[in-house]
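1. requesting a structural model of the entry that follows:
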Amino acid sequence: MKFLFFAAAVSGLLIACDSQRLFEKNTEFKERIWKISEPAEFEFQISDTVKKYNLLLNVRNSLDYPYARLFFNYELTSPDHQLLSKNLVAEFLFDQKTGQPFGTSGLGDVYDHRFPLLKNYVFKKPGAYHLRVEQFMRVDSLPGIVAVGLRVETNKLPN
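-> Residues are numbered from 1 along each chain as shown. Next up, the predicted model:
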């Protein structure tokens, strides 16, 4: 019993020691369905305007997802509500030919992905930034999407 407690404590410390992560939050969807009327929205603080940052979208899907790709729109706005970046993104969740899922699996039929939205991004002002993400498929209710999240991390690499 002591060994299990020790192993859990060490695992928790290793996960908590992610020095690059500034912000990470996931929005889970009821019944594993991402509805077009339910965009995921995130607000995060930036204080250092000299560092470069990476913004990554976390996607968690199940094998119930009926398509190979996921299309989504995102909008990043500044503390003074100015639009900084807007883009339509298409990413593969499954191999087109074999149907094999991409991503990492830790929970049976659930797979985790991390897609880059912005790399080496420099925020010009300190304050609260807002990211809005909405699915952009041809259906109103997208089955098999368990959660969508945002990770903001400092870029340790040059350029």
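
2. quick one: neighbours of the closest residue to Val139 other than its chain neighbours, just the number.
-> Excluding the flanking residues, the one nearest Val139 by CB to CB, 6 or more residues apart in numbering is Ile36, at 7.8 Å. Just so you know, the C-beta spots here come from the backbone N, C-alpha and C atoms, and that holds for glycine as well. When neighbours are defined as other CB atoms under 10 Å, Ile36 has 14 of them.

3. and for Phe123?
-> Neighbour tally, Phe123, other CB under 10 Å: 21.

4. so what does it look like in phi/psi?
-> phi -80, psi 130 (degrees, to the nearest 10).

5. quick check: it vs His113, distance?
-> As for Phe123, its distance to His113 is 25 Å (criterion: CB to CB, to the nearest Å).

6. again with Thr49
-> Using CB to CB, we find Thr49 at a distance of 29 Å from His113.

7. who has more neighbours out of the two?
-> His113 (18 against 11).

8. where's the more buried one, which helix or strand?
-> Assessed by DSSP states H and E, His113 sits inside strand 110-121.

9. next SSE downstream of that strand?
-> strand 127-135.

10. how about Gln19, what does it touch?
-> Heads up, residue 19 is Ser, not Gln. Contacts of Ser19 were listed using CB atoms under 8 Å, 6 or more residues apart in numbering, and none were found.

11. where does the chain dip in pLDDT?
-> Counting by pLDDT under 70, the ranges of the chain that qualify are 1-17, 107, 157-159.

12. strands of that one, start to end?
-> Secondary structure of the chain, counting by DSSP state E: strands at 21-28, 33-35, 40-46, 53-62, 69-77, 83-92, 104-107, 110-121, 127-135, 141-143, 145-154.

13. of all the ones you listed, which one is nearest Thr98?
-> Checking these against Thr98 by CB to CB gives strand 83-92 as the closest, at 11.7 Å.

14. other SSEs contacting that closest one?
-> strand 69-77, strand 110-121 (3 or more CB pairs under 8 Å, 6 or more residues apart in numbering; DSSP states H and E).

15. swap in 6 Å and give it another go.
-> strand 69-77 (3 or more CB pairs under 6 Å, 6 or more residues apart in numbering; DSSP states H and E).

16. next, the angle from the strand it packs on to strand 83-92.
-> 170 degrees (axes from the mean of the first three to the mean of the last three CA atoms, to 10 degrees).

17. strands paired with strand 69-77, and their directions?
-> strand 83-92 (antiparallel), strand 127-135 (antiparallel) (DSSP bridges).

18. tell me which of those strands lies nearest to Leu76.
-> Distance to Leu76, taken as CB to CB, is lowest for strand 83-92 among the strands paired with strand 69-77, at 4.4 Å.
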